[in-house]
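Colleague: This is a predicted model, with the sequence first.
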Amino acid sequence: MSFRLLHVLKPFISLMPEVASPDRKIQFRERVMWTAITLFIFLVCSQVPLYGIMSSESADPLYWIRAIMASNRGTLMEMGITPIVTSGMIMQLLAGAKIIEVDYSLKEDRSLFAGAQKLFAMVIAVGQAAASVFGGVYGNPSDIGSGIALLLMLQLCFAALITMLLDELLQKGYGLGSGISLFIATNICETIVWKAFSPTTFNTGRGSEFEGAVIALFHLLFTRNDKFRAVKEAMYRTNLPNLSSLLATALVFAIVIYLQGFRIEIPVKSNRMRGQQGSYPIKLFYTSNMPIMLQSALVSNIFFISQALFKRFPENFFIRLLGVWANDEGVPTDAAAGGLAYYISPPHSIADAAADPVRFAVYVAFMLSACAMFSRTWIDVSGTSARDVAKQLKDQQLVIRGHRDVSMYKELKRIIPTAAALGGLCIGLLSVVADLLGAIGSGTGILMAVTVIYQYFEIFVKEQHEEGMGVF
């Protein structure tokens, strides 16, 4: 039945635009160029405003996760990568649960599954665009009019399609890495740099202050007579980005890069060439940033649905169980004040955690269990499980030293699922710690940015080694 489902979708999949696979090996310099072009298009779309917006003063339902989802409010990148990540998460979980059976060894199955993911992402994009437009995010729908409302939806859906094609362009080998990872890292790094060096000034009641933490430090040092007090204010000011948040961000960066080097080296030997030996590395972050990405997609969708429903039916008991939303002064969005959404939203400081220890305990339990579960599930649906690795080694005529072909799978099954679950737990724990320290860009965002940057570093090193030349 599930196999037939992909074939039922085949006529609809064929309607989706597709990037053709390269018919030759793309040189490294050319791949760098296409990656830069892709990033440029994304950045332009992130600044082009949507035509037809009547008002942007309503609460922003995606405020807390915009950096993570590569989203920018009121622009073509309003939805960011949310439709793609949500579609991928749901389709991969359906495949992992065998509701949709996919034989990844068959090219047709892989192509159909990828096409189904794109089709489903487009459906999600249409649904999210309709919910945003008719939910009053851009102004009262009756004031906007049906023509402008339709135009807004078309713009959002077109931008979602462009994002999908850019991601596909990189993944098919024209560029480096994936578009999703590139967009996330760029958005988060942009947020961190802006909050560190922003020249924008705000009147906080004590005179004008710069938004950027570093610029604010020098400004305070030059304008305050008491230099010690100026440094203290720059370190701990609460209304704008401060130096302690910047230092916490740098600390989390360093910890994640350090932990990237943790791995288990499984000794292997060749059956084909006697005496040839090597090792197969199993990293601590075996599934990279995928657990935190899937957890972010899950939370962002819960927040979006909960806030939209609460706005329409604020007194409904079941909707209040899902989430109660209230506006905090000085924050450009509603914040979860009760229900499930409140307990799975991160505390932004140690004081927040201490103020409600029950919420903090529930959040930590949810974060760790979700990351561990997604990490453990991902290895089964991404071709990196113990069985898949054993097959790869067998195809290369490699065996684990001290083990026969039959027992190799058992040994890998003992190591890989444990490494995946432990890596997911570590990712979740680091995210919690970063949030408590008040790191800029949220703990989740920083972890995703660091892992993506490290992946690109490894790609550059590998490509340079293979081509035996520098980048340029």
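Modeller: Perfect, I can see it now. Everything numeric here is computed off the predicted structure, so don't read it as measured data.
Colleague: now the helices for the stretch 101-250 of the chain?
Modeller: 107-134, 141-144, 146-169, 179-197, 213-223, 227-236, 243-259 (DSSP state H, counting those that start in this stretch).
Colleague: and what of the stretch 351-472 of the chain?
Modeller: For the stretch 351-472 of the chain, the helices defined by DSSP H, counting those that start in this stretch cover 357-381, 386-395, 405-437, 443-467.
Colleague: got these as TSV, with distance to residue 348 columns?
Modeller: For every residue, glycine as well, the C-beta is placed using N, CA and C. Shown next, in TSV, are those (distance: least, C-beta to C-beta, whole Å):
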stretch	distance to residue 348
helix 357-381	11
helix 386-395	39
helix 405-437	6
helix 443-467	10
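Colleague: Any chance of a markdown table for the ones you listed, columns mean pLDDT and mean neighbour count?
Modeller: Converted to a markdown table, the helices of the stretch 351-472 of the chain look like this (pLDDT from 0 to 100; neighbours: other C-beta atoms under 10 Å):
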| stretch | mean pLDDT | mean neighbour count |
| --- | --- | --- |
| helix 357-381 | 88 | 19 |
| helix 386-395 | 82 | 16 |
| helix 405-437 | 85 | 19 |
| helix 443-467 | 80 | 19 |
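Colleague: now for these, which one comes closest to residue 100?
Modeller: Comparing the helices of the stretch 351-472 of the chain against residue 100 with C-beta to C-beta, the closest turns out to be helix 357-381 (10.3 Å).
Colleague: ok so, going back, okay, the helices of the stretch 101-250 of the chain, which one's buried deepest?
Modeller: Mean neighbour count, computed with mean count of other C-beta atoms under 10 Å, is highest for helix 179-197 among the helices of the stretch 101-250 of the chain, reaching a mean of 21.
Colleague: That helix relative to helix 213-223, how many degrees between them?
Modeller: 10 degrees (axes from the mean of the first three to the mean of the last three C-alpha atoms, to 10 degrees).
Colleague: and the helices of the stretch 101-250 of the chain, which one is worst for confidence?
Modeller: When those are compared by mean pLDDT, helix 141-144 comes last with a mean of 80.
Colleague: from the middle of its chain, how far away would that one be?
Modeller: Here helix 141-144 is found 33 Å from its chain centre; the criterion is C-alpha atoms, centre = their mean, to the nearest Å.
Colleague: Over to stretch 176-190?
Modeller: Mean-position distance between stretch 176-190 and its chain equals 9 Å (C-alpha atoms, centre = their mean).
Colleague: Repeat that for stretch 218-233.
Modeller: For stretch 218-233, the distance to the chain centre is 38 Å (C-alpha atoms, centre = their mean).
Colleague: Can you measure across that stretch, start residue to end residue?
Modeller: 11 Å (C-alpha to C-alpha, to the nearest Å).
Colleague: Next, find the distance separating residue 395 from residue 464.
Modeller: The spacing between residue 395 and residue 464, counted by C-beta to C-beta, to the nearest Å, is 27 Å.
Colleague: To clarify, my last question referred to residue 48.
Modeller: Taking C-beta to C-beta, one finds residue 48 at 35 Å from residue 464.
Colleague: go on, residue 304?
Modeller: In this structure, residue 304 and residue 464 are 42 Å apart, going by C-beta to C-beta.
Colleague: cool, residue 455 as well?
Modeller: 15 Å.
Colleague: Also residue 282?
Modeller: From residue 282 to residue 464 the distance is 25 Å (C-beta to C-beta).
Colleague: now swap in residue 415 and tell me
Modeller: 30 Å.
Colleague: Next secondary structure after the helix or strand containing residue 336?
Modeller: Assigned by DSSP states H and E, residue 336 belongs to strand 334-338. For strand 334-338, the succeeding helix or strand toward the C-terminus, using DSSP H and E, is helix 339-343.
Colleague: helices and strands around that following helix, which ones?
Modeller: helix 290-312, helix 317-322, strand 324-327, helix 357-381 (3 or more C-beta pairs under 8 Å, 6 or more residues apart in numbering; DSSP states H and E).
Colleague: Would you mark the buried spots in the second one?
Modeller: Spelled out, that is helix 317-322. 319, 320, 322 (16 or more other C-beta atoms under 10 Å).
Colleague: ok, so of these, who is nearest residue 10?
Modeller: Nearest to residue 10 among the buried residues of helix 317-322, with distances taken as C-beta to C-beta, is residue 322, at 36.3 Å.
Colleague: Surely that closest one is in contact with residue 309?
Modeller: Yes - under the criterion of C-beta atoms under 8 Å, residue 322 makes contact with residue 309 at 6.8 Å.
Colleague: measure the spatially most central residue of the chain to residue 252 for me?
Modeller: Centrality entry for the chain: nearest residue to the mean C-alpha point is residue 293, 3.9 Å, by C-alpha atoms, centre = their mean. Distance check for residue 293 against residue 252: by C-beta to C-beta, it reads 17 Å.
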